[in-house]
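# Have a look at this prediction, sequence included:
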Amino acid sequence: MLPKEKRLNLKKDFKRVASGKKLETSYLKLFLMFRDNETPRVGITTSSSVFKKSSDRNRARRLTSAAFESVYSTLPAGINIVALPKQGILGVKSGDVLLDLEQKLKYEKVIN
């Protein structure tokens with residue numbers, strides 16, 4: 001899990017970023033917005049309508065968090081990202097989620 005200063009914590013921050021640019025990968029739905037913060041910030045949210053069991057929501061959150069921990073150092077300063085895991089994330093390993101996330105961020109030129 002990312003340290004608290006590297007995460008989005010407030011509901012208003014999640015809502016603000018959710019109104020930004022939308023990207024979809026095979027396993028994640030991402031919302032991006034550039035703000036005036038010095039470091040990148042990431043927020044992960046799961047829905048009980050998509051994942052009925054809390055253990056499934058927690059696993060989806062852990063897989064997403066592990067992927068963002070790996071790419072965090074390559075994210076540009078000032079970017080805020082909200083990630084919503086999709087149902088398909090439960091059937092894959094963390095390496096697959098990481099690869100999918102990296103490919104999409106490189107394709108959209110968010111990272112090099």
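On my side now, so go ahead. None of these values were measured; they are calculated from a predicted model.

# Okay, strands next: where are they in this protein?
21-24, 28-34, 41-44, 79-85 (DSSP state E).

# how about the ones you listed in a markdown table, adding distance to Val92 and mean pLDDT?
(Glycine included, C-beta is placed from N, CA and C.) Output for the strands of the chain, formatted as a markdown table (distance: least, CB to CB, whole Å; pLDDT from 0 to 100):
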| stretch | distance to Val92 | mean pLDDT |
| --- | --- | --- |
| strand 21-24 | 16 | 96 |
| strand 28-34 | 11 | 97 |
| strand 41-44 | 16 | 97 |
| strand 79-85 | 11 | 97 |
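
# wait, which of those is closest to Phe51?
Closest to Phe51 of the strands of the chain is strand 79-85 (CB to CB; 7.8 Å).

# And Met1, what's its pLDDT?
Met1 carries a pLDDT value of 86.

# Repeat that for Lys53.
Looking at Lys53, its pLDDT reads 97.

# Could you state which residue of the chain sits nearest its centroid?
The residue lying closest to the centre of the chain (CA atoms, centre = their mean) is Ala83, at 3.2 Å.
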